[in-house]
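Peer 1: from the sequence below, what's the structure:
(one chain, ligands or ions: 1)
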Amino acid sequence: MAAHTSPDDPSTKELLRALRVDGSADLDRRDPRETFGWDKEGAAEVFAAEMEALVDLQKRLFADGSNSLLFVLQAMDAAGKDSTIRSVFSGLNPAGVDVNPFGVPTEEERAHDYLWRIHHHAPADGRIGVFNRSHYEDVLVVRVKDLVPAKVWRKRYDHIRNFEQLLTDEGTAVVKVFLQVSRDEQKERFEERLQRPDKRWKFRAGDLDDRALWPAFMEAYTDAIEKTSTDDAPWYVVPADRKWVRNVCIAKILRHHLDEIDPQYPDPEDGLDDIVVV
Ligand code: ADP
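Peer 2: Numbering: from 1, shown residues only. Predicted coordinates for the structure are as follows:
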């Protein structure tokens with residue numbers, strides 16, 4: 001396949017259509033090892049070109065200061081959330097990016113509604129916010145592990161749709177990505193974590209409990225994605241067994257949504273032509 005270089009070229013549009021969920025999430029029909037015709041070298045070239053475009057768009061977003069972008073990242077353990085953030089967002093100006101991880105809620109957080117700890121981390125105008133896990137945990141792990149009654153989590157899809165619509169209406173583009181890793185690849189990555197001294201710290205015995213609940217998690221992901229993928233706040237399912245495919249897909253998704261915002265440099269003050277800097 002030819003290199004994807006322009007946001008408007010048909011192959012990019014086709015790729016984004018394939019990744020975007022509109023209706024059925026089709027998790028069992030998607031291939032986490034998909035390459036979309038790239039090889040590693042070609043993908044690296046496309047990725048570099050996309051990052052260059054993203055750097056420019058981020059500058060404009062910041063200078064324009066009237067919109068923001070929220071990137072929600074969800075995945076099973078070892079699917080590469082941290083590595084995605086490192087690979088894609090470290091190429092941007094860190095002064096304009098806020099990364100927020102959401103782990104097990106604290107006692108104070110649990111004493112409030114589940115969106116309480118989320119909302120004030122939504123990005124301010126001009127900024128890109130990254131959620132490493134998110135409010136979706138409250139319809140994923142919470143559902144799978146029975147942490148609240150079904151009658152409570154079932155209502156949350158509506159809340160989430162409305163919450164994200166509120167963000168969109170107020171100027172935040174909401175983009176959601178599920179990194180789809182295969183169960184086999186997760187096994188390999190867990191084994192590597194256990195073997196490598198520099199990765200062992202990442203492994204928690206509890207990770208195996210979640211792995212054992214894989215089918216229930218996939219069911220919960222399917223429901224969450226299908227019920228909350230909207231025109232304004234779409235979900236993308238990104239194949240994540242190959243990091244280089246994952247990175248290009250994410251760069252292209254981000255570029256598409258920043259292009260849609262179409263941020264512009266503000267007009268300069270009048271009279272600048274007459275100024276002499278002494
Ligand atoms: P990660 O696995 O994302 O690298 P951690 O090892 O800190 O980071 O794990 C975060 C854990 O917090 C995950 O197991 C996740 O399921 C859990 N978690 C996140 N949000 C919630 C929530 N709202 N309720 C219960 N558990 C949550």
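Peer 1: closest residue of the stretch 151-278 of the chain to the ligand?
Peer 2: Relative to the ligand, the nearest point of the stretch 151-278 of the chain is residue 204 (6.0 Å; CB to the nearest ligand atom). The way it works is simple: take the backbone N, C-alpha and C, and place the C-beta from them, glycine included.
Peer 1: A helix includes that residue, no?
Peer 2: No. Counting by DSSP: H, G, I helix; E, B strand; the rest coil, residue 204 falls outside a helix, being coil.
Peer 1: who's in contact with it?
Peer 2: By CB atoms under 8 Å, 6 or more residues apart in numbering, the contact list for residue 204 is empty.
Peer 1: give me the element the closest residue to residue 40 other than its chain neighbours is part of.
Peer 2: Nearest non-adjacent residue to residue 40, counting by CB to CB, 6 or more residues apart in numbering: residue 244, 5.2 Å away. Secondary structure assignment for residue 244, by DSSP states H and E: helix 243-261.
Peer 1: quick one on the thing from earlier: just to check, the residue nearest to residue 40 is in contact with residue 43?
Peer 2: Yes. Using CB atoms under 8 Å, residue 244 makes contact with residue 43 at a distance of 4.5 Å.
Peer 1: look at residue 130 and say how many residues are nearby.
Peer 2: For residue 130, the neighbour count with other CB atoms under 10 Å is 22.
Peer 1: please disregard the earlier target; I meant residue 180.
Peer 2: 26.
Peer 1: who's it bridged to?
Peer 2: With DSSP bridges as the criterion, residue 180 is bridged to residue 239.
Peer 1: touching, it and residue 34? I think so.
Peer 2: No. With contact defined as CB under 8 Å, residue 180 does not count as touching residue 34 (9.1 Å).
Peer 1: need the overlap of contacts for the two.
Peer 2: residue 239.
Peer 1: ok, back up a step: let me see the backbone angles for the residue of the stretch 151-278 of the chain closest to the ligand.
Peer 2: phi -120, psi 140 (degrees, to the nearest 10).
Peer 1: separation between it and residue 78?
Peer 2: Applying CB to CB, to the nearest Å, one obtains 11 Å for the distance of residue 204 from residue 78.
Peer 1: so residue 217 lies in a helix, does it not?
Peer 2: Yes. Read with three-state DSSP, residue 217 is one of the residues of a helix.
Peer 1: so what sits against both of residue 204 and residue 78?
Peer 2: Both residue 204 and residue 78 lack any common contact, where contact means CB under 8 Å, 6+ apart.
Peer 1: chain center to stretch 167-186: distance?
Peer 2: 4 Å (CA atoms, centre = their mean, to the nearest Å).
Peer 1: got it, and stretch 43-58?
Peer 2: With CA atoms, centre = their mean, you get 17 Å for stretch 43-58.
Peer 1: sorry, back to before: so which of residue 244 and residue 43 has more stuff around it?
Peer 2: residue 43 (23 against 18).
Peer 1: so for the more buried one, what's the pLDDT?
Peer 2: pLDDT recorded at residue 43 is 95.
Peer 1: residues touching whatever helix or strand it lives in, excluding its own?
Peer 2: For residue 43, the element it lies in under DSSP H and E is helix 40-64. Outside helix 40-64, the residues that touch it by CB under 8 Å, 6+ apart are 3-5, 7, 35, 38, 67-69, 88, 91-93, 96-97, 126-128, 244-245, 247-248, 251-252, 254-255, 258-259, 261, 263-266.
Peer 1: give me the buried entries from these.
Peer 2: Among the contacts of helix 40-64, the ones that count as buried by 16 or more other CB atoms under 10 Å are 4, 7, 35, 38, 67-69, 88, 91-92, 96-97, 126-128, 244-245, 247-248, 251-252, 254-255, 258, 261, 263.
Peer 1: distance of the residue in the stretch 1-150 of the chain positioned nearest to the ligand relative to residue 156?
Peer 2: Nearest residue of the stretch 1-150 of the chain to the ligand, counting by CB to the nearest ligand atom: residue 137, 3.2 Å away. To residue 156, residue 137 is 11 Å away according to CB to CB.
Peer 1: for the residue nearest to residue 82 when sequence neighbours are not counted, which residues are in contact?
Peer 2: Of all residues not flanking residue 82 in the chain, residue 132 sits nearest, at 7.3 Å (CB to CB, 6+ apart). When contacts are counted by CB under 8 Å, 6+ apart, residue 132 touches 73, 81-82, 85, 99-102.
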